[in-house]
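Colleague: Only the shape, not the letters, is given here:
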């Protein structure tokens, strides 16, 4: 049995956080496709809650030395860009 | 320079989570001492939000292999006991 190195842990942490961000994008995508009112307070509350949860996970991973603060900001930034894309695709003007 | 071992990381993760739980207890303690209406919705919302954030951090740490699920449940359990103590001390019947 091999003991995981810190590099293994760093990669795993980054991968887990990217998966969590992806899950949020999926959830929001499903919501946008099914809600008749995507601007409804319930939708925005779900998004706020999910983003808060992810930001707490990322902050913890940074403090534990598993990822850099830049990597954490990149995950949030990528997710925000993906959500903006979803809006424009699903809610065409 | 020494590379931290997984044991160092495990201990650090556990310590960070316990500190975060302690911060929630402190926050709630201050709130209980200052609010005239400790059962007000705002107070309960703050507590719910903080507990949700901590539970996401713990879940992430478990998935990253930094702490066991039992250790995570223990942190939540200890915090809940501490909050129950605060209630009985600050809000005597």
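Modeller: Everything's here; your move. For clarity, every value in this text was computed on a predicted model and none was experimentally measured.
Colleague: Next, the buried residues of the helix or strand where residue A:23 lies.
Modeller: Using DSSP states H and E, residue A:23 sits within helix A:6-34. Neighbour counts over helix A:6-34 (16 or more other CB atoms under 10 Å in any protein chain shown) mark A:9-10, A:12-14, A:16-17, A:20-21, A:24-25, A:28-29, A:31-32 as buried. From N, CA and C alone the C-beta is placed, and that goes for glycine too.
Colleague: you'd agree residue A:75 is up against residue A:21?
Modeller: Yes - counting by CB atoms under 8 Å, residue A:75 touches residue A:21, with 5.2 Å between them.
Colleague: got any residues that touch both of the two?
Modeller: Taking CB atoms under 8 Å, 6 or more residues apart in numbering or on different chains as the contact rule, residue A:75 and residue A:21 both touch residue A:54.
Colleague: Name the residues of chain A found near chain B, please.
Modeller: Residues of chain A found near chain B (CB under 8 Å from any CB of the partner chain) are A:3-6, A:9, A:12-13, A:16-17, A:20, A:49, A:52-54, A:56-57, A:59-61, A:63-66.
Colleague: How much space separates the residue lying closest to residue A:90 once chain neighbours are set aside from chain B?
Modeller: Distance criterion CB to CB, 6 or more residues apart in numbering or on different chains; nearest residue to residue A:90, sequence neighbours excluded, is residue A:32 at 4.4 Å. Distance, residue A:32 to chain B, by CB to the nearest CB, to the nearest Å: 23 Å.
Colleague: At the geometric centre of chain A, which residue sits there?
Modeller: Among the residues of chain A, residue A:21 comes closest to the average C-alpha position under CA atoms, centre = their mean, at 2.2 Å.
Colleague: need the contact list for that one.
Modeller: A:54, A:75, A:76, A:78, A:79.
Colleague: Give me the subset of those residues that lies in helices.
Modeller: A:54, A:75, A:76, A:78, A:79 (DSSP state H).
Colleague: Just give me the closest of those residues to chain B.
Modeller: Checking the ones in helices among the contacts of residue A:21 against chain B by CB to the nearest CB gives residue A:54 as the nearest, at 7.6 Å.
Colleague: Contacts only, for the closest one.
Modeller: Neighbouring residues of residue A:54 by CB under 8 Å, 6+ apart: A:17, A:20, A:21, A:24, A:75, A:76, A:79, B:56.
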